[in-house]
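[1] Fold the following and give me the result.
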Amino acid sequence: MKQSSERFTLTGNSLVRRSQLLPAIVPVSKATFRRMVLAGKFPPPMRNLMDRIPVWKGSVVIAWLNQEDPKATDEAV
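    Numbering: from 1, shown residues only. You can find the predicted model right below:
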């Protein structure tokens, strides 16, 4: 899949894919991010209409960013 050159803006109403989160918004690797979700250190995804692609509500990601320092979480996992 071709990456868009447009810059993504996180809003409370947006649905965000993992590819949009990493590494721009949550600066960790895919493996670390997966461990964070499984350990409950990042909110679990919801499923989109096709039920195949995990997505996060922008408001949930923003709330997590306000309470956590993602760089510090990378070391804690």
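[2] what about the helices in this protein?
    Per DSSP state H, the chain carries helices over the ranges 18-21, 30-38, 58-67, 70-76.
[3] same for the shortest one, what does it pack against?
    This means helix 18-21. helix 30-38 (3 or more C-beta pairs under 8 Å, 6 or more residues apart in numbering; DSSP states H and E). From N, CA and C alone the C-beta is placed, and that goes for glycine too.
[4] Now do the helix it packs on and helix 58-67, the angle between them.
    Interaxial angle, helix 30-38 versus helix 58-67 (axes from the mean of the first three to the mean of the last three C-alpha atoms, to 10 degrees): 100 degrees.
[5] any weak-confidence spans in the chain?
    For the chain, the stretches with pLDDT under 70 are 1-6, 49, 69-77.
[6] separation between the residue nearest the centre of it and residue 43?
    The centroid of the chain falls nearest to residue 21 when counting by C-alpha atoms, centre = their mean (4.2 Å). Residue 21 is 11 Å from residue 43, where distance means C-beta to C-beta, to the nearest Å.
[7] quick revisit: next one: the residue nearest to the centre of the chain from residue 46, what distance?
    Per C-beta to C-beta, residue 21 is found 14 Å from residue 46.
[8] So for those two, which residues contact both of them?
    With contacts defined as C-beta atoms under 8 Å, 6 or more residues apart in numbering, the residues shared by residue 21 and residue 46 are residue 56.
[9] any idea how far residue 42 is from residue 65?
    From residue 65 to residue 42 the distance is 10 Å (C-beta to C-beta).
[10] When those two are compared, which one has more neighbours?
    Neighbour count, other C-beta atoms under 10 Å: between residue 65 and residue 42, residue 42 has more, with 24 against 13.
[11] Report how many residues lie close to the closest residue to that one other than its chain neighbours.
    Leaving aside its sequence neighbours, residue 42 sits nearest to residue 36 (C-beta to C-beta, 6 or more residues apart in numbering; 4.2 Å). Neighbour count of residue 36, defined by other C-beta under 10 Å: 21.
[12] Correct me if wrong: residue 36 contacts residue 29.
    No. Using C-beta atoms under 8 Å, residue 36 is not in contact with residue 29; the gap is 10.3 Å.
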